[in-house]
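In: pasted the sequence and its predicted model underneath.
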Amino acid sequence: LRHTCPMAAKELGAPPKLDTSLDNIIVVGNTPVAPAERLERVRDILTKILMAFGTIKELYIAQNEDGSSAGYCFVEFSTPQEARKAVEEGNGYKMDKRHIFSVTLMSDFDAIVNTPDEFVPPETGPDENLQWWLSNPYCDDQYAYVEGRDGEDLILSVCWNKKRESVVFERKGKWTELPALAWSPQGSWLVTFFKRGVLLWGGPTFNKKVKIAQSDVEFIEFSPCERFFVTSGKVNDTLNDTAVAIWRVETGALCRGFSLPELISRGSSVSSNNWPLLKWSHDGNYFARLTEEQITVFESSTMTVLGKKSIKIKGVKEIAWSPSDNFLAYWLPEEGERPAKVVILSIPDRTELKTQNLYSVKDCKMTWHPKGDYLGVKVERISKKKGVVTNLVTFRLREKLIPCDTIELKDKVDIFSWEPTGNKFLVVHGDKACAITIYQMQPNGPVALKRLEQISANTIVWSPRGQYFVAATIANKVAGTMAFIDASELEVLKQREHHGLTIVEWDPTGRFVISAVTQAGEDNGFCVYTFQGDILQKHHVDRLRAFSWRPRPASLLDSAQIESIKKNLKKYQPEFEAQDVLQQSHSSEEQKKQRRELLDTWARYESKRNETAKARLETMCKLRPDFPPNGQLKLIEREEVMDLLVKQNVVVVDRVD
C-alpha cells in the first residue's frame, strides 16, 4: 500500500527502522554441559540466575549435533543497561566449583573472535615531553585565558608569568569555540571545547593530540593519574548510553559509557552542584558511583565492578575518597531508631575502619584534608532549645583506632576549609557580621587559635604551600573584596577590592595570586598579586571569559628535604636575587626587542601606504591633465557681499486726522 498509494504513504509516514543492535545480548560461557533430555532443567537454572540482572526476553542454549548443550548460551535482555549490568555482576559468577560464568556482550564477542593471532603494534611518532615547561630556568609558571565577544571567534592565550610582567607564549584564534578551558591535574594537557567535542593539546608547541567526538560537552574531570578523563554534555536522552563517558587519555578511545539514569535520580540533570558524578581514587585505580541504594566501585584497569557486586547501603547520601589512600568515606541519615553515621571504608577489601554515630542530624558535609591526614565533617543538628546548631567532627586518620573530636558552634557555619600542608583548619561563621576562626589540630583535639572579626567572605582559597590564604567575596554585584591572611602569624596582611570579582586563584607554587573579572558588562581583566597582597600586574582584557593557572605535578622531594630547604633558605637568597636581576635585564631586552619589532612593522606599513598614494596620484594625473602633479589643488578665493535681513520691527502709530 505504501508503494502503490502515495496518499497512504504520506499518512503512514516513514517506515519503521529495523533495530540491528546487539548491545542487549550477552554470551554466557562455561555453563553446564547436559544431554538433550536435561536441557529444560539447565534452562530453568540459568534463567533463575540471570533474571536477577533484568528482564529476559529470550535465552538460547547452544547445542551440539547430538542435542546436548555446548557449554554456552545467548541471552537477550530488554535494554542494553540490563545487559551491561549482567556483564558487570555476572562475569565470574560461581554457579558451582566447576562452572564459573564468563559473560561478554555480544557486540564485544565479535571483536574478540575476529582478533588476529599475531599482535601488530600501532604506529606511533616520536614521544614528546609533556612536562617541558617545568625545565624553565627561572621556574616561571604558565596560565591560559580565553577572550572574545559572543558571536565572534574566541582567542586563547598561553602566557609565562614573570614577577613584573607576562610574556605571551602562544596565542591563537579558533583554538576554542566555547568560552571555557581546562588543564589536566598535573598540567600535561590543555583541553579546549567545541560544539562537537573536545580537543587535548600537549607538547612544547601545543600540538593537537586527542580528539573526542561528543556534542556540547559542559563538564570534564581527569583521573589524578591522567590516564583517563570523564566528559558529560547537554544530554536529556535517558537512553543515551554515553551521556557520561570515560575516555583513555593517550588514545582517545572510549573505555565505558553511562546513561543518566545509572548515575542520577530520575528528573535530575548534570550540573555543577552534582559534578563529578564519578569519584576517582587518589591513584586512579578505582572510581565510584553513588545511587540512592548503593555504592558501586569500579576497577579502572578493566572498567568492571570491583568484586562483581555493589555495596548495598540504603539511603547513602555522599561519598568522598581520601586524597592519599584508598579510603572511601560516606554518611547515612537517620532512619527510624537508627542514628545517622559516618563510615570510612578501606578499598578493595571493604573493611570498615571507622564508624561514628551522629544524632538529630539535618545535614552533613565531608571534607578531606589534602594530605589525607584528617577528615572533617560539618554536621547541622536540630536542637529543641537552640534550633539548628553546627558541630564540627574531625577524624585523625594517622592515629590508632582513628579517634574523633567534636566542636559545637553557636553561629551558622558557611565554610569549613583545611590548610593544604599543615594541621590547621578554619571556619567562616556568623549570620550578619561574618568572622573567621582558625583552629589547630592537637593530640587532644582541635584548639582555637584566633578569631578574625568583620571579614566578609564567601570563598576561601589557600596557598598550595599552606600558611597563607585569601578570604574573598566573589560573584558580588556590589564589590569584590579580598583579605590576604597569614595563618601562622594570625593576622590580616592586606585588603583589596576588585569590582565584579569572579575568580581568585593561586599559582601552583604559592607565590602569586590572581583576581579576575569574567562576567559580561564589567571591566574585564585580571590582576596579579604577591602572596602578601601587593599588586604586581594589571591586565585589561576585553571580554575575558575564562582564566586558569597551569598545574604542576607533585614535588619529588620528601618532607625532610623540603624542611631542610626552608631552614637554609637564607643561604640560597643571594643566588635567587642575582637571578631576579638577570631575569629583569633579560626582560628589558625582550621589551626593547618587541618595541623595535613594532616600530619596524609601522615603518613597513607607512612605506606601503606612501607607495599606494603615489600610484594613485599618477593615475589621477593621467585621467585629469589639469590635476596638479603634487596632488595639492589650488584654492580660488572670491569675495561676495550679501545683504541679509536680520530683524524687522513693525511699529503701529496712531493716525492723526
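Out: Structure's in. What do you need?
In: how about the nearest residue to Glu226 once chain neighbours are set aside, what does it touch?
Out: Nearest residue to Glu226 in three dimensions, chain neighbours excluded: Ser184, at 5.1 Å (C-beta to C-beta, 6 or more residues apart in numbering). Every C-beta, even on glycine, is put in place using the N, C-alpha and C of the backbone. Neighbouring residues of Ser184 by C-beta atoms under 8 Å, 6 or more residues apart in numbering: 191, 222, 226, 229, 249, 551.
In: next: Gly71.
Out: 29-33, 62.
In: let's go with 10 Å and repeat that
Out: By C-beta atoms under 10 Å, 6 or more residues apart in numbering, Gly71 lies in contact with 28-34, 61-62, 64, 99.
In: ok so, going back, can you put the contacts of Ser184 in CSV and add distance to Pro628?
Out: Output for the contacts of Ser184, formatted as CSV (distance: C-beta to C-beta, whole Å):
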residue, distance to Pro628
Val191, 63
Phe222, 71
Glu226, 72
Phe229, 70
Val249, 71
Pro551, 67
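In: which one of the residues you listed is nearest to Val447?
Out: Closest approach between these and Val447, by C-beta to C-beta: Pro551, at 33.0 Å.
In: count of neighbours near the nearest residue to that closest one once chain neighbours are set aside?
Out: Closest residue in space to Pro551, ignoring its immediate chain neighbours: Gly187 at 4.3 Å, by C-beta to C-beta, 6+ apart. Applying other C-beta atoms under 10 Å, we find 21 residues neighbouring Gly187.
In: OK, contacts around Trp549?
Out: Taking C-beta under 10 Å, 6+ apart as the test, what Trp549 contacts is 141-144, 161, 183, 187, 464, 505-509, 512-514.
In: per-residue confidence for Pro629?
Out: Here, the pLDDT recorded for Pro629 equals 67.
In: where in the stretch 451-600 of the chain is pLDDT low?
Out: For the stretch 451-600 of the chain, residues meeting the criterion pLDDT under 70 lie at 476-478, 521-522, 583-591.
In: just the strands in it please.
Out: When assigned using DSSP state E, counting those that start in this stretch, the strands of the stretch 451-600 of the chain occupy the ranges 459-462, 468-473, 481-486, 491-497, 503-506, 512-517, 525-530, 535-540, 544-549.
In: from the chain's centroid, how far away is the lengthiest helix in the chain?
Out: Secondary structure of the chain per DSSP state H: the longest helix is helix 569-623. Distance, stretch centre to chain centre, for helix 569-623: 39 Å (C-alpha atoms, centre = their mean, to the nearest Å).
In: name the helices or strands packed onto it?
Out: Packing partners of helix 569-623 (3 or more C-beta pairs under 10 Å, 6 or more residues apart in numbering; DSSP states H and E): strand 166-173.
In: pull up the pairing partners for the very next helix or strand once past the strand it packs on, direction included.
Out: Next along the chain after strand 166-173, taking DSSP states H and E as the criterion, comes strand 181-183. Strand 181-183 pairs in its sheet with strand 190-194 (antiparallel), by DSSP bridges.
In: next SSE after the strand it pairs with?
Out: Counting by DSSP H and E, what follows strand 190-194 is strand 197-202.
In: restrict that next one to CA atoms and write it as PDB.
Out: C-alpha atoms of strand 197-202 as PDB (Å, rounded to 0.1, in the frame of the first residue of the first chain):
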ATOM      1  CA  GLY A 197      33.600  17.600  21.100                       C
ATOM      2  CA  VAL A 198      36.800  18.500  22.900                       C
ATOM      3  CA  LEU A 199      40.500  18.600  21.900                       C
ATOM      4  CA  LEU A 200      43.500  17.700  24.000                       C
ATOM      5  CA  TRP A 201      46.700  19.700  23.300                       C
ATOM      6  CA  GLY A 202      50.200  18.900  24.600                       C
END
